[in-house]
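>>> Fold the stuff below for me.
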Amino acid sequence: MRKLLKITALLVPFIFCSPLTYGKNDIRSQTYQNILKNAQGGLADAEVAIGEMYYKGEGVPINLETARSWFSKAAFQGDAGGLFYMGLFCQYGYGGEKDSDKAKQYYERAYLVGKLTTPIFYLGSHLSPQAASANNLGYMYMTGDGIPLDYGMAYDWYTKSIDHGGISAMFNIGEMYMQGKGRPQNFNTAFEWYKKAADAGDAKAQFQVGILYYKGKGTTQNKVMAMKMIKLSADQGFEPAVKLNKMGEENQRKAQKARSIQTN
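Just a heads-up that it's a prediction; the model follows:
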């Protein structure tokens with residue numbers, strides 16, 4: 001257990017995508033050919049939907065270049081989902097050039113026009129492009145990812161993301177308090193923010209809450225709650241939690257076996 005506590009160093013913002021189910025009125029509930037036909041006809045929602053399919057490999061092979069092309073078409077029309085994804089692809093260099101300045105511009109535009117747009121699926125949940133764009137802008141400012149480091153701007157963008165339903169931004173504010181970046185270092189406040197994200201279903205926040213319960217850091221030590229939270233995270237496939245949960249289960253089996261031998 002102690003060795004695997006070092007896994008907490010892996011806690012960084014990440015992109016988590018999984019297969020989706022959509023309502024009957026959502027363009028993405030249609031067949032690929034119907035979506036493609038609409039996309040070729042210039043429907044922005046369909047262009048984003050086709051881009052998502054190639055980005056995530058849903059029904060088609062993953063092809064980031066093709067995904068980027070479709071997102072670019074939607075962004076050109078001013079669609080917030082397309083603008084967000086172009087920000088994401090420029091931020092990380094998916095399917096083409098990495099350009100932090102363009103990423104920032106796309107995110108800012110997505111935030112401004114994203115209020116009435118179809119939700120996207122990003123960071124493990126359905127989000128408005130506003131929430132997702134604000135979260136990623138916060139992360140860029142918090143880490144100095146291609147733009148000047150600015151903790152004040154990071155905190156402002158995270159709070160905007162939360163205002164629009166963002167969950168990962170809660171975790172990221174927890175990180176600011178935990179690390180003393182732009183906020184006074186306060187483990188109790190950090191725990192509170194992590195717990196909000198964990199209660200909303202964020203896997204990495206559930207893992208972090210579990211670690212803090214185990215250590216008694218920012219909260220009262222509670223090893224039962226620690227393993228419960230780590231298992232919740234593991235059940236969502238968060239790899240550090242999966243590894244730690246397996247080790248915990250193995251230790252329990254060894255302990256039970258040892259007790260059984262002693263009683264015989």
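>>> switch to C-alpha atoms for all contacts and neighbour counts from now on
Noted.
>>> separation between I35 and G59?
12 Å (C-alpha to C-alpha, to the nearest Å).
>>> Mind checking which of those two has more residues around it?
I35 (21 against 11; other C-alpha atoms under 10 Å).
>>> The more buried one and A49 touch, don't they?
Yes. Between I35 and A49 there is a contact at 7.4 Å, judged by C-alpha atoms under 8 Å.
>>> As a check, name the ranges of all strands in the chain.
Remark: strands assigned in the chain by DSSP state E are 120-122, 125-127.
>>> in the chain, which spans are helices?
Here the chain has its helices, by DSSP state H, at 32-40, 44-56, 64-76, 80-92, 100-113, 129-143, 151-163, 168-179, 187-199, 203-215, 223-235, 239-263.
>>> So which bits of the first one are buried?
Using 16 or more other C-alpha atoms under 10 Å as the test for burial, helix 32-40 gives Y32, I35, L36, N38, A39.
>>> quick one: low-confidence ranges for the stretch 101-250 of the chain?
For the stretch 101-250 of the chain, applying pLDDT under 70 flags the ranges 114-126.
>>> how does it look with 90?
For the stretch 101-250 of the chain, the stretches flagged by pLDDT under 90 are 113-129, 165, 245-250.
>>> re earlier: tell me the one of the buried residues of helix 32-40 nearest Y107?
Relative to Y107, the closest of the buried residues of helix 32-40 is A39; by C-alpha to C-alpha it sits at 22.4 Å.
>>> if I look at the closest one, how far off is A46?
A39 is 5 Å from A46, where distance means C-alpha to C-alpha.
>>> same thing with W157?
W157 is 29 Å from A46, by C-alpha to C-alpha.
>>> between the buried residues of helix 32-40, which is closest to L232?
Y32 (33.9 Å).
>>> Let me know the pLDDT of the closest one.
With respect to pLDDT, Y32 scores 87.
>>> Now for it: which residues touch it?
Y32 makes contact with I50, G59, according to C-alpha atoms under 8 Å, 6 or more residues apart in numbering.
>>> mind checking how far it is from K217?
Note on Y32: its distance to K217, by C-alpha to C-alpha, is 49 Å.
>>> Could you do A131 as well?
Plainly put, A131 is 29 Å away from K217 if you go by C-alpha to C-alpha.
>>> neighbour-wise, which of those two wins?
A131 (30 against 15).
>>> pretty sure that one contacts K160?
Yes. Assessed by C-alpha under 8 Å, A131 is found in contact with K160 at 7.1 Å.
>>> and A49, how many neighbours?
Residues near A49, counting by other C-alpha under 10 Å, number 27.
>>> how near is it to T189?
Taking C-alpha to C-alpha, one finds A49 at 39 Å from T189.
>>> before we move on, back to that, in JSON lines: the buried residues of helix 32-40, plus distance to D235.
Formatted as JSON lines, the buried residues of helix 32-40 follow (distance: C-alpha to C-alpha, whole Å):
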{"residue": "Y32", "distance to D235": "30"}
{"residue": "I35", "distance to D235": "33"}
{"residue": "L36", "distance to D235": "34"}
{"residue": "N38", "distance to D235": "37"}
{"residue": "A39", "distance to D235": "36"}
